[in-house]
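Engineer: fold the following, please.
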Amino acid sequence: MKTFKEINPSPRTLMTPGPVEADPRVLKAMSSHILGQFDPEFTDLMAETQEMARILFQTENKQTYCVDTTSRGGLEAVLTGAICPGDKVLIPAFGRFGYLLSEILERCGADITLLEREWGTVFDPEEIEEELKKGGYKAVACIHGETSTSMMQPMEELGKICKKYDALLIVDTVATMGGVDIPVDKWGIDGCIAGTQKCISAPSGSALITYNDKISKIVNERKKVEKGIRTSSDIDGTLPQIPSNYLDIAQLEDYWSPRHLNHHTEATSMQYAVHEALRCIMLEGLQERFARHALNDKALCAGLQAMGLKIFGDLKHKMPCVTAICIPEGIDGPTLRGQALRDFGIEMATSFGPLDGKIIRIGNMGYSSQKRNILFTLGAIEAVLIDNGVKVPAGEAVAAALQVYKNA
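Structural biologist: Next comes the predicted model:
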């Protein structure tokens, strides 16, 4: 009989923009006994997950819950639920994932206007307002932390601008939620999507979403409960039905409500993971967690610059969760990344499109955002560069990072 490999992955230090290392407490929770999805113990856990997610999002939104899908599925769920065919949507794109929003909305018949920026920069809020002045926009959909470029779009004024022009603001915080302060209600964000595999530090496979009553009203006007489970009180909405059954947030609202209307079989172990990851965040404290990411980012950048490496993009708007470095002369990206993985077990990332082969992206996210990982990564990069004949000042990178920690 043919034999197959036991699952026994090599230990890795994941310093990518996602996925990153899951908190060991999360992995332990995932090994717990499976409960039925309508067991009162399990529905109590669902309610607690919602409560903790509201704290993380810093929102009072009733509709705050998990979708059993990856981050991309969470984006698709909110976008295709809030945006009807023909709705006019403005997308300010400054990297790969802005174009992804456009790709999703094109497929559901939205009327899209794409604003484009050079990769490595962000938009001034006034640029977005100038376009909104033309009128007729149902929504602005944008990325907060663009991992393809390491840039972070300022959001504080955008909610006010969207409200002024009666446009919804839907924001992808997949790469930043849990690592950066994002007060959803204060910033006037109408819909917000987060991934679990980045700063939240659970495996990929769940998306956390929150949206306010404006979006919930649209969603319920598109509602159509499946024939096999509907009751006489379930009345169809008057707007076009949401095109996806699995990502139908009109039905997911019922699933996560006290009604717990059956929609799909719950991914029980992933729910355990998300609950435990959120509990770990609550234990650490939001501001303490944000400060940890900021400090480790400062140390990483100090070390890279002490090595003589150039950090890519507009540093004023760089994400604390992701740092992109220009690949120095004398080595290529695959060699740098490949040797770091082979010799040190450290995984870093390349980029996409116009930046492919030009930058390396280093993640500083969630459980992976640790002092030892920062120092280890700096030492490994230095060793690989020296081994390939790239002249860098030996020992300066780790020393510069240590000085940051000492001063802190």
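Engineer: now do the contacts for F57.
Structural biologist: Taking C-beta atoms under 8 Å, 6 or more residues apart in numbering, we find F57 in contact with 64, 177, 182, 184, 192, 194, 208, 210. Where C-beta positions appear, they are placed from N, C-alpha and C, glycine not excepted.
Engineer: do you know how far it is from D185?
Structural biologist: F57 sits at a distance of 8 Å from D185 (criterion: C-beta to C-beta, to the nearest Å).
Engineer: go on, D23?
Structural biologist: For D23 relative to D185 (C-beta to C-beta), the value is 27 Å.
Engineer: one more: L14?
Structural biologist: Taken as C-beta to C-beta, the span from L14 to D185 is 32 Å.
Engineer: so the two - more neighbours on which side?
Structural biologist: Comparing L14 with D185 by other C-beta atoms under 10 Å, the one with more neighbours is L14, at 22 against 16.
Engineer: was I right to think that one contacts N364?
Structural biologist: No. Counting by C-beta atoms under 8 Å, L14 stays clear of N364, with 11.0 Å between them.
Engineer: and the chain, what are its domains?
Structural biologist: 22-282, 286-407 (automatic domain parsing).
Engineer: which of the ones you listed sits closest to F4?
Structural biologist: For the domains of the chain, proximity to F4 was assessed by C-beta to C-beta; domain 22-282 is nearest, at 21.6 Å.
Engineer: quick one: mean pLDDT for the closest one?
Structural biologist: Domain 22-282 shows a mean pLDDT of 96.
Engineer: now do that domain: distance to the chain's middle.
Structural biologist: From the chain centre to the centre of domain 22-282 is a distance of 10 Å (C-alpha atoms, centre = their mean, to the nearest Å).
Engineer: in stretch 280-296, what's buried?
Structural biologist: 280-281, 286, 289-290, 292-296 (16 or more other C-beta atoms under 10 Å).
Engineer: what's the answer for stretch 94-109, then?
Structural biologist: Buried, per 16+ other C-beta under 10 Å, within stretch 94-109: 94-102, 104-105, 108.
Engineer: helices of the protein, start to end?
Structural biologist: Taking DSSP state H as the criterion, the chain contains helices spanning 24-30, 40-57, 71-82, 96-107, 125-132, 158-164, 213-220, 249-256, 268-284, 286-306, 333-344, 371-387, 396-407.
Engineer: which strands or helices does the fifth one pack on?
Structural biologist: Going back to what we said before, that points to helix 125-132. With contacts taken as 3 or more C-beta pairs under 8 Å, 6 or more residues apart in numbering; DSSP states H and E, helix 125-132 sits against strand 88-93, strand 111-116, helix 158-164.
Engineer: go ahead and flag the most central residue of this structure.
Structural biologist: By C-alpha atoms, centre = their mean, the chain has its centre lying nearest to V174, at 1.3 Å.
Engineer: in this structure it contacts G73, no?
Structural biologist: No. Distance between V174 and G73: 11.1 Å, which falls outside the contact criterion (C-beta under 8 Å).
Engineer: on that earlier part again, roughly how far does the residue nearest to the centre of the chain sit from A207?
Structural biologist: 8 Å.
Engineer: what residues are up against L27?
Structural biologist: Contact analysis of L27 by C-beta under 8 Å, 6+ apart lists A273.
Engineer: list the contacts of the residue nearest to I242 when sequence neighbours are not counted.
Structural biologist: Closest residue to I242 apart from its sequence neighbours, by C-beta to C-beta, 6 or more residues apart in numbering: D248 at 4.7 Å. Shown in contact with D248 (C-beta under 8 Å, 6+ apart): 77, 81, 242, 263.
Engineer: what's the closest non-adjacent residue to the second one?
Structural biologist: For G81, the nearest residue in space outside its immediate sequence neighbours is I249; the separation is 4.1 Å by C-beta to C-beta, 6+ apart.
Engineer: list the contacts for that neighbour?
Structural biologist: With contact set as C-beta under 8 Å, 6+ apart, I249 has these partners: 63, 67, 77-78, 81, 209, 211, 219, 242.
Engineer: just send the residues you listed back as CSV, with distance to F376 and neighbour count too.
Structural biologist: As requested, the contacts of I249 are exported to CSV (distance: C-beta to C-beta, whole Å; neighbours: other C-beta atoms under 10 Å):
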residue, distance to F376, neighbour count
Q63, 41, 21
V67, 35, 24
A77, 37, 25
V78, 37, 29
G81, 42, 28
I209, 34, 25
Y211, 40, 29
V219, 46, 23
I242, 46, 24
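Engineer: reformat these as CSV; add distance to M348.
Structural biologist: As requested, the contacts of I249 are arranged in CSV below (distance: C-beta to C-beta, whole Å):
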residue, distance to M348
Q63, 37
V67, 29
A77, 30
V78, 30
G81, 35
I209, 29
Y211, 34
V219, 39
I242, 38
